[in-house]
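> structure for this input, please:
(chains A and B)
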Amino acid sequence: MPLYVYNTLTRAKEQFRPIRPGEAGLYTCGPTVYNFAHIGNLRTYLFEDILKRILAYNGFRVRHVMNITDVGHLTGDRDMGEDKMEKGARREGRSAWDIAEFYTRAFRQDIARLNISEPDIWCKATDSIPEQIELIRVLEEKGYTYRTRDGIYFDTAKFPGYARLSNQNLDALREGARVERNPEKRSATDFALWKLSPPGATRQMEWGSPWGVGFPGWHIECSAMSMKFLGEQLDIHCGGVDHIDIHHTNEIAQSEAATGRPFFNYWMHGAFLNILGGKKMAKSEENFLTLENAFVKRGISPLVYRFASFQTHYRKPMEYSEESIQAAKNGLEHLCNQVREVAKGADASSGVVSPEFREKFLEAVNDDLNMPRAMAVIQEMLKSGLAAGDKHATVIDFDRVLGLSLVQAAAPQQLPANVEALVEARRRARESKDWAASDRLRDEIQALGYTVKDGRDGTEIVKR
RNA sequence: GGCGGCAUAGCCAAGUGGGAAGGCAGUGGUCUGCAAAACCACUAUUCCCCGGUUCGAAUCCGGGUGCCGCCUCCA
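Residues are numbered from 1 along each chain as shown, chains lettered A, B, ... in the order given. Below you'll find the predicted structure:
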């Protein structure tokens, strides 16, 4: 069954056809490591992880590259020489390099907690400075650049079809620009390829170049590194919707101008997470929630957030609220319980994946990653007349896409000695019909994070 | 001002011409000493509003209203 994805470039769902049959080159814009990722940022990485898993589920061999932006990223055109990394360093009294290292580690911990699989290649912008310089040099040679006092700029007027991805009307855009223009820029859409260090000042991060000491503009790193690590295999490029108009538009312009060939074939963008009356989550707003403070610290599994993200299609804004997280928490717990139930059957290990439901599941996920529909298929399957063992095998197969560690959820657990003792004491209390003691012991066991289930076949204890 | 997106039950949310998925919450039942969990059943005559096309519209067309994003660093 073919895989269809929505391509921002054509504004339509298209069948995914990779450059090399059976393989898929994937480049996803990574974090700027000057602060913790918030859960809105993480929604995009969850979407990309699902895409990657679906590609693999369809049999494609995926090569995934993610960059770490550890330099540049100017806070504004007039903020000469000031960028997020150096600003973060000043804020925390550490070197820019330490900041990058620290937040890179924090980011990797976040995605690990969300069961987001690591890219095959992590690449730091600062590890590919020569390639970025080379790309700028080529652009200069071909006449796409010009120099101002503060750097080397890309002349967007020289690149026909500049607005192809964003579909913007450039004339109108110019009129409506809210920000004071850099007077040396020929056009509002022109962007820096190389920024020169301010005269007399020494930055923590700066490099020599044919144009003087400085640092790369933000956009050039993704162009340079995607080509460096993906080679010819420029299949899919992902990011958040906010990158359509500027970052990705600029990547396409500079890359295609330099090579004279099409850059990526498919561009996919994840929608925002909204919070507090439908507003997007942003580092500058009051609504900055991290995985740590919204989940881990409150004893809620980060996988609850992963599960929650499946309830909304990736191209639609997702509502975040306490209620939605509670719903996801209950929903995930229920799913784990369901999986545990079907794993119980004697034929659990000999079950086979249901071709019928696999087909339905594939149909959902291959329709532009329709996870809400895929989740409905799972419920339909679990409630069908399939044998328990087959249900188990099928849901575990689906978990290759879901990434909810359902095998572990269903695995039998060894109870700690203290819990075991309480269970035994309760068993004796129940034998002598001492319900008060039984109930008290049940409360104690549950307080330790276990669910107590009394059924026809005795008592069962399950970790929550 | 330009460009783009969204509006479906108490909440979250699929569905883009002919049966209103699914989850959470809720209600009833089975099980249980009682619960919980699990399981079964029920829960939108109707899809923001108005008009049109059609035998038939949540879905197409026109108009309106509301919300959001990007155009400034941003997932």
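> surely A:Ala24 forms part of a strand?
Yes. Counting by DSSP: H, G, I helix; E, B strand; the rest coil, A:Ala24 is found in a strand.
> which ones are touching the residue nearest to it when sequence neighbours are not counted?
Once flanking residues are discounted, A:Ala24 sits nearest to A:Phe60: 4.3 Å by Cβ to Cβ, 6 or more residues apart in numbering. Just so you know, the C-beta spots here come from the backbone N, C-alpha and C atoms, and that holds for glycine as well. A:Phe60 makes contact with A:Pro18, A:Gly22, A:Glu23, A:Ala24, according to Cβ atoms under 8 Å, 6 or more residues apart in numbering.
> what's the local residue count around A:Asn58?
18 (other Cβ atoms under 10 Å).
> pLDDT score assigned to it?
Note on A:Asn58: pLDDT of 97.
> need the contact list for the nearest residue to it once chain neighbours are set aside.
Leaving aside its chain neighbours, A:Asn58 sits nearest to A:Leu3 (5.2 Å; criterion: Cβ to Cβ, 6+ apart). A:Leu3 makes contact with A:Gln15, A:Phe16, A:Ile54, A:Leu55, A:Asn58, A:Asn366 under the criterion Cβ under 8 Å, 6+ apart.
> just the element for the fourth one, please.
When secondary structure is defined by DSSP states H and E, A:Leu55 falls within helix A:39-57.
> and A:Asp269, what element?
Quick fix: residue A:269 is His, not Asp. When elements are assigned from DSSP H and E, A:His269 belongs to strand A:266-270.
> what angle do that strand and helix A:39-57 make?
Per axes from the mean of the first three to the mean of the last three Cα atoms, to 10 degrees, the angle that strand A:266-270 makes with helix A:39-57 is 140 degrees.
> strand A:266-270 pairs with which strands, parallel or anti?
strand A:236-240 (parallel) (DSSP bridges).
> is RNA strand B within reach of the partner strand?
Yes. Counting by Cβ under 7 Å from any atom of the strand, RNA strand B is contacted by strand A:236-240 at A:Gly239, A:Gly240.
> distance of A:Tyr305 from A:Asp83?
Note on A:Tyr305: its distance to A:Asp83, by Cβ to Cβ, to the nearest Å, is 30 Å.
> tell me how far the residue in the stretch 151-300 of chain A that RNA strand B sits nearest to lies from A:Pro317.
Scanning the stretch 151-300 of chain A for proximity to RNA strand B using Cβ to the nearest atom of the strand identifies A:Gly240 as nearest, at 1.2 Å. Applying Cβ to Cβ, one obtains 12 Å for the distance of A:Gly240 from A:Pro317.
> now do the SS call for A:Trp194.
At A:Trp194, secondary structure determined by three-state DSSP is strand.
> do the one 5 residues further on as well
Secondary structure assignment for A:Pro199 (three-state DSSP): coil.
> distance of it from A:Gly208?
Distance from A:Pro199 to A:Gly208, by Cβ to Cβ: 15 Å.
> you'd agree A:Val462 is up against A:Thr451?
Yes. The criterion here is Cβ atoms under 8 Å, and A:Val462 meets it with A:Thr451 at 4.7 Å.
> the longest strand anywhere in chain A versus strand A:236-240: what angle between them?
Longest strand in chain A, counting residues (DSSP state E): strand A:61-68. Strand A:61-68 runs at 40 degrees relative to strand A:236-240, counting by the same axes, to 10 degrees.
> quick one: buried residues of strand A:61-68?
A:Val62, A:Arg63, A:His64, A:Val65, A:Met66, A:Asn67, A:Ile68 (16 or more other Cβ atoms under 10 Å).
> now those residues in JSON lines, with pLDDT and distance to RNA strand B?
JSON lines is the format used below for these (pLDDT from 0 to 100; distance: Cβ to the nearest atom of the strand, whole Å):
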{"residue": "A:Val62", "pLDDT": "97", "distance to RNA strand B": "20"}
{"residue": "A:Arg63", "pLDDT": "97", "distance to RNA strand B": "21"}
{"residue": "A:His64", "pLDDT": "96", "distance to RNA strand B": "16"}
{"residue": "A:Val65", "pLDDT": "96", "distance to RNA strand B": "16"}
{"residue": "A:Met66", "pLDDT": "95", "distance to RNA strand B": "11"}
{"residue": "A:Asn67", "pLDDT": "94", "distance to RNA strand B": "11"}
{"residue": "A:Ile68", "pLDDT": "93", "distance to RNA strand B": "11"}
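> ok, back up a step: can you list the buried residues in the next helix or strand after the longest strand of chain A?
Proceeding C-terminally, strand A:61-68 gives way to helix A:84-92 as the next helix or strand, assigned by DSSP H and E. By 16+ other Cβ under 10 Å, the buried positions in helix A:84-92 come out as A:Lys84, A:Met85, A:Glu86, A:Lys87, A:Gly88, A:Ala89.
> local confidence estimate at A:Glu101?
According to the prediction, A:Glu101 has pLDDT 93.
> distance of it from A:Leu441?
49 Å.
> so between those two, which is more surrounded?
For A:Glu101 versus A:Leu441, the count of surrounding residues by other Cβ under 10 Å is larger for A:Leu441: 22 against 15.
> pretty sure the more buried one sits against A:Glu424.
No. Counting by Cβ under 8 Å, A:Leu441 does not reach A:Glu424; the two are 9.6 Å apart.
> just give the nearest non-adjacent residue to A:Gln15, would you?
Of all residues not flanking A:Gln15 in the chain, A:Pro2 sits nearest, at 4.7 Å (Cβ to Cβ, 6+ apart).
> sorry, slip of the keys, the one I care about is A:Asn366.
Of all residues not flanking A:Asn366 in the chain, A:Leu3 sits nearest, at 4.6 Å (Cβ to Cβ, 6+ apart).
> number of residues surrounding A:Arg186?
A count of neighbours around A:Arg186, defined by other Cβ under 10 Å, yields 14.
> any idea whether it is helix, strand or coil?
Classified using three-state DSSP, A:Arg186 is coil.
> I'd say it and A:Phe154 touch.
No. Counting by Cβ under 8 Å, A:Arg186 does not reach A:Phe154; the two are 10.2 Å apart.
> can you show me the CA trace of stretch A:156-169 as CSV?
This file holds the C-alpha atoms of stretch A:156-169, laid out as CSV (Å, rounded to 0.1, in the frame of the first residue of the first chain):
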residue,chain,number,x,y,z
THR,A,156,16.7,36.9,-3.0
ALA,A,157,15.8,39.0,-6.0
LYS,A,158,18.3,36.9,-8.1
PHE,A,159,16.6,33.7,-7.3
PRO,A,160,13.4,33.2,-9.3
GLY,A,161,10.7,31.3,-7.4
TYR,A,162,11.9,32.5,-4.0
ALA,A,163,8.4,32.3,-2.6
ARG,A,164,7.5,28.9,-4.0
LEU,A,165,7.3,27.2,-0.7
SER,A,166,5.7,30.0,1.3
ASN,A,167,3.4,31.2,-1.4
GLN,A,168,4.0,34.7,-0.2
ASN,A,169,3.3,37.9,-2.1
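> that older thread, from A:His247, how far off is the residue of the stretch 151-300 of chain A closest to RNA strand B?
Taken as Cβ to Cβ, the span from A:Gly240 to A:His247 is 9 Å.
> A:Tyr162 now?
Distance, A:Tyr162 to A:His247, by Cβ to Cβ: 13 Å.
> more crowded one of those two?
Set side by side, A:Tyr162 and A:His247 show more neighbours around A:Tyr162, with 21 against 17, by other Cβ under 10 Å.
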